[in-house]
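Q: predicted structure and sequence below. I'll ask about it afterward.
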Amino acid sequence: MTERDKTIFDIIDKHYPEEISFLPVISPFRFLITVMLSASTTDRQAEKAAEALFSVFPDEKAIASADVSEIEVLIRSAGLSKAKSRNIKGTAEAVSVSGIPDTMAGLMSLPGVGEKTASCYMHSILNRPAVIADTHFVRVAARLGFTDTVDRNKSATEIRERFPENMWSRLSMALNLHGRVVCHAKPDCQSCPVSAICPSSEA
Ligand code: SF4
């Protein structure tokens, strides 16, 4: 971490003091499935699909016993329903047998659980340090010069190498919020608290 990184982090950290609740935690398993459903769609659509799914199949055992086609119909509003329904059933089967893993590697061994889903689970359920590289985070991290990539997995790796572990979760929250509020696809650099030191500033 450079001096400039630390200065940018301190400014953004103070600017966005609140924590983000990515998705509601009704149960760890439901949270995991809801994050899986949120791939390539909005949190709202993912929650809606999770509500439909869990109202019919309330836990991992029920989902593991369901037909993929039944799951697919219930989660259709979240998009990519063919792949998501297969992965959700596979994950439910694995969790029914062995429980939900408590490591990144274990989580990522579940069908359809990628780095972002595993990181969200580590942060929100296990309260462990995690870099949550969603669309906003990846965009803002690259613009601030923290990373050289817009690939999610590479971005998360570069951040983990650049910043100490105790900053990962807070950095994830702050950059996500900054991306939602100011550093949009078309950034509002005039309103940005770090525009004076951001290498991508258009102000
Ligand atoms: S100065 Fe502009 S590009 Fe840089 S972080 Fe702020 S809004 Fe984003």
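A: The structure has been received and is ready for your questions. Residues are numbered from 1 along each chain as shown.
Q: so for stretch 82-102, mean pLDDT?
A: Regarding stretch 82-102, the rounded mean pLDDT is 97.
Q: for it, the distance to its chain's centre please.
A: Averaging C-alpha positions (CA atoms, centre = their mean, to the nearest Å) puts stretch 82-102 18 Å from its chain's average.
Q: check stretch 179-190 too.
A: The chain centre lies 19 Å from the centre of stretch 179-190; the measure is CA atoms, centre = their mean.
Q: give me the buried stretch members for it, please.
A: If you call a residue buried by 16 or more other CB atoms under 10 Å, then stretch 179-190 has these buried ones: 179, 182-183, 187, 189. The C-beta positions use only the backbone N, C-alpha and C, and glycine is treated the same way.
Q: same question for stretch 94-111.
A: Those would be 94-96, 100-101, 104, 107, 110, for stretch 94-111 by 16+ other CB under 10 Å.
Q: tell me the pLDDT at T135?
A: Predicted confidence (pLDDT) at T135: the value is 89.
Q: list the contacts for it?
A: When contacts are counted by CB atoms under 8 Å, 6 or more residues apart in numbering, T135 touches G179.
Q: hmm, back to that, what about the buried residues of stretch 179-190, which are in helices?
A: Secondary structure from DSSP state H places G179 of the buried residues of stretch 179-190 in helices.
Q: out of the buried residues of stretch 179-190, who's near the ligand?
A: 182-183, 187, 189 (CB under 6 Å from any ligand atom).
Q: got the residues you listed as JSON lines, with pLDDT columns?
A: Formatted as JSON lines, these follow (pLDDT from 0 to 100):
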{"residue": "V182", "pLDDT": "95"}
{"residue": "C183", "pLDDT": "97"}
{"residue": "P187", "pLDDT": "96"}
{"residue": "C189", "pLDDT": "97"}
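Q: mind listing the helices for the chain?
A: Using DSSP H, helices in the chain cover 3-15, 28-37, 43-56, 60-65, 68-75, 81-98, 104-108, 115-124, 135-143, 152-162, 168-181.
Q: tabulate those (CSV), appending distance to P193.
A: CSV is the format used below for the helices of the chain (distance: least, CB to CB, whole Å):
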stretch, distance to P193
helix 3-15, 5
helix 28-37, 30
helix 43-56, 25
helix 60-65, 44
helix 68-75, 39
helix 81-98, 38
helix 104-108, 32
helix 115-124, 24
helix 135-143, 13
helix 152-162, 20
helix 168-181, 9
